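1. prediction below, plus the sequence it came from.
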Amino acid sequence: MKKKITVPEIMATKNSDKKVSMVACYDFMSATLVNLSKVDMILVGDSLGMNMLGMNGTVGVTVDDMIYHIKNVVKGAPETFVVGDMPFGAYNGNIDKAVENATRVFAEGGCDCVKMEGGMNTVPYIEAVVKAGIPVMGHIGLTPQTSAMMGGFKVQGKSNEAALHLLETAKAVEAAGAFLINLEGMPSGVAKKITETLKIPTMGIGAGPHCDSQDLVWPDIMGINDWVPKFAKKYADLRTVIVDALDTFADEVNTGAFPTPEYSYNTKVEGFDED
């Protein structure tokens with residue numbers, strides 16, 4: 001059985017040989033499987049809006065949605081570090097609201113830290129939440145909660161000016177007290193520069209090989225989604241396996257091949273013969 005990694009241990013991976021791995025998943029069953037694996041961390045991300053709730057994006061996910069899913073993941077993965085995502089609107093424009101919602105996600109959800117997505121405008125909220133005693137993982141670059149302002153899910157930092165802004169944002173997030181920062185959807189060279197500049201570790205998703213750690217999303221890794229983004233590697237093809245299994249079950253039910261005696265309770269009861 002593995003031992004849960006801690007915030008200081010995650011921070012100590014900076015400039016070390018240890019590469020932390022993280023998977024985004026959202027339910028008890030998936031979490032139990034991650035807990036059996038070598039993966040260090042689980043992100044209960046607001047991407048559950050698309051992957052669990054059938055939404056078109058992350059904006060409609062609520063704090064209550066997050067807490068519900070975080071609690072179930074924590075139950076399934078007691079030896080895995082769990083990150084609870086702060087959804088859209090959880091801290092916009094109000095520091096007291098940020099602390100209140102982060103406290104709910106952290107305490108009611110039972111996770112090990114919260115993730116706060118956004119650029120320079122998020123820095124005061126990160127600082128306040130850290131001062132409240134809650135570990136914070138930052139998230140910059142392609143930020144799905146504000147993707148409408150970016151014209152969709154597009155790579156960020158593609159110009160010199162934009163890349164410099166991402167670097168300054170990362171430094172500000174670090175200064176606010178984040179212990180880890182997620183770099184999403186940016187050129188590898190930009191992520192490399194940020195990683196080399198910061199004293200805290202970086203977690204890459206679609207940010208190339210130079211980050212201190214890497215994460216991907218459960219349905220992408222497992223090949224459950226028909227389409228995956230460019231940066232996501234399918235490590236399995238469960239979509240085909242699952243559909244084939246369901247089709248076989250349906251065929252066997254239709255033909256009477258299932259259930260056979262070995263899948264039935266065959267105790268003889270007087271007056272209730274099968275023949």
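-> Cool, the structure landed.

2. can we go C-alpha only for contacts and neighbour counts from here?
-> Fine.

3. quick one: buried residues of the helix ranked longest in the chain?
-> Looking across the chain with DSSP state H, the single longest helix is helix 238-255. Across helix 238-255, burial judged by 16 or more other Cα atoms under 10 Å covers Leu238.

4. which residues touch it?
-> For helix 238-255, contacts defined as Cα atoms under 8 Å, 6 or more residues apart in numbering pick out 222-226, 258-259.

5. over to stretch 26-44?
-> Stretch 26-44 is contacted from outside by 1-2, 4-5, 20-25, 45, 48, 52, 66, 69-70, 72-85, using Cα under 8 Å, 6+ apart.

6. okay, how far is it across that stretch, tip to tip?
-> 5 Å (Cα to Cα, to the nearest Å).

7. gap between the helix-or-strand element of the chain with minimal mean pLDDT and the chain center?
-> Taking mean pLDDT, DSSP states H and E as the measure, the chain has helix 48-51 as its least confident helix or strand, at a mean of 92. Centroid displacement of helix 48-51 relative to its chain, using Cα atoms, centre = their mean, to the nearest Å, is 11 Å.

8. next, the buried residues of the helix or strand just after it.
-> Sequence-wise, the next helix or strand downstream of helix 48-51 (DSSP states H and E) is helix 63-76. Within helix 63-76, the residues scored as buried using 16+ other Cα under 10 Å are 63, 66-67, 69-76.

9. one more: stretch 23-42?
-> Across stretch 23-42, burial judged by 16+ other Cα under 10 Å covers 23-28, 30-32, 34-35, 39-42.

10. tell me which of those fall in helices.
-> 28, 30-32, 34-35.

11. alpha carbons of the least confident helix or strand of the chain, as PDB, please.
-> Coordinates of each C-alpha in helix 48-51 appear next as PDB, following Å, rounded to 0.1, in the frame of the first residue of the first chain:
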ATOM      1  CA  LEU A  48     -16.600  16.900 -14.100                       C
ATOM      2  CA  GLY A  49     -19.200  19.300 -15.600                       C
ATOM      3  CA  MET A  50     -18.400  17.700 -19.000                       C
ATOM      4  CA  ASN A  51     -17.300  14.300 -18.000                       C
END
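
12. and the buried residues of helix 63-76 as JSON lines, adding pLDDT and distance to Pro187?
-> Output for the buried residues of helix 63-76, formatted as JSON lines (pLDDT from 0 to 100; distance: Cα to Cα, whole Å):
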{"residue": "Val63", "pLDDT": "96", "distance to Pro187": "31"}
{"residue": "Met66", "pLDDT": "97", "distance to Pro187": "30"}
{"residue": "Ile67", "pLDDT": "98", "distance to Pro187": "33"}
{"residue": "His69", "pLDDT": "97", "distance to Pro187": "32"}
{"residue": "Ile70", "pLDDT": "98", "distance to Pro187": "31"}
{"residue": "Lys71", "pLDDT": "98", "distance to Pro187": "34"}
{"residue": "Asn72", "pLDDT": "98", "distance to Pro187": "35"}
{"residue": "Val73", "pLDDT": "98", "distance to Pro187": "32"}
{"residue": "Val74", "pLDDT": "98", "distance to Pro187": "33"}
{"residue": "Lys75", "pLDDT": "98", "distance to Pro187": "36"}
{"residue": "Gly76", "pLDDT": "98", "distance to Pro187": "35"}
